[in-house]
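*Asks:* Predicted structure and sequence below. I'll ask about it afterward.
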Amino acid sequence: MRNKFIPSISKELKYYVYIYSHPVTNEIFYIGKGKGSRVFSHLEDKSNSKKVQYINHLRSQHLEPKIEILIHGIEDDNTALKIEASVIDLIGIENLTNKQLGYKSSSFGRMSIQ
């Protein structure tokens, strides 16, 4: 599996939001935002987070997570953070291995029109 983008691809991608999902069921388990080769960093993570535990569980079954760029070409970090937060809100933090809600989600995130 690739673990780094070549510089010309990184430049074209700019900031992006990405998803990690189960390679068989396509169930999304992690949402992230990044720039450069950030999307691959979780594959080398050695922490004891839920995300790493999930990846290790997949690997114990001889599977690798499916990694996709959801949106790219984002010009700035703040916009990428807001998009990431909206996707986390849409899927629901309880359905993901993300540690926290997205950027300022409690202030600007999903809410009832009431």
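*Replies:* Arrived safely.
*Asks:* rest of the way, CA atoms for contacts and neighbours
*Replies:* OK.
*Asks:* does the residue nearest to residue 28 when sequence neighbours are not counted have beta-bridge partners, and which?
*Replies:* The shortest distance from residue 28 to any non-neighbouring residue, by Cα to Cα, 6 or more residues apart in numbering, is to residue 21 (4.0 Å). Residue 21 has these beta-bridge partners by DSSP bridges: residue 28, residue 66.
*Asks:* If we go by neighbour counts, what in the longest helix along the chain is buried?
*Replies:* The longest helix of the chain (DSSP state H) is helix 77-91. For helix 77-91, the neighbour count (16 or more other Cα atoms under 10 Å) marks 80, 81, 82, 83, 84, 85, 86, 87, 88, 89 as buried.
*Asks:* can you give me the offset of that helix from its chain's centre?
*Replies:* 10 Å (Cα atoms, centre = their mean, to the nearest Å).
*Asks:* what about dumping the CA coordinates of that helix to CSV?
*Replies:* The C-alpha trace of helix 77-91 is given here as CSV (Å, rounded to 0.1, in the frame of the first residue of the first chain):
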residue,chain,number,x,y,z
ASP,A,77,-7.1,24.7,6.9
ASN,A,78,-10.1,26.4,8.5
THR,A,79,-12.4,25.3,5.6
ALA,A,80,-11.0,21.8,5.8
LEU,A,81,-11.7,21.6,9.5
LYS,A,82,-15.3,22.7,9.0
ILE,A,83,-15.9,20.1,6.2
GLU,A,84,-14.4,17.4,8.4
ALA,A,85,-16.6,18.5,11.3
SER,A,86,-19.8,18.4,9.1
VAL,A,87,-19.0,14.9,7.9
ILE,A,88,-18.4,13.7,11.5
ASP,A,89,-21.7,15.3,12.5
LEU,A,90,-23.5,13.6,9.6
ILE,A,91,-22.2,10.1,10.3
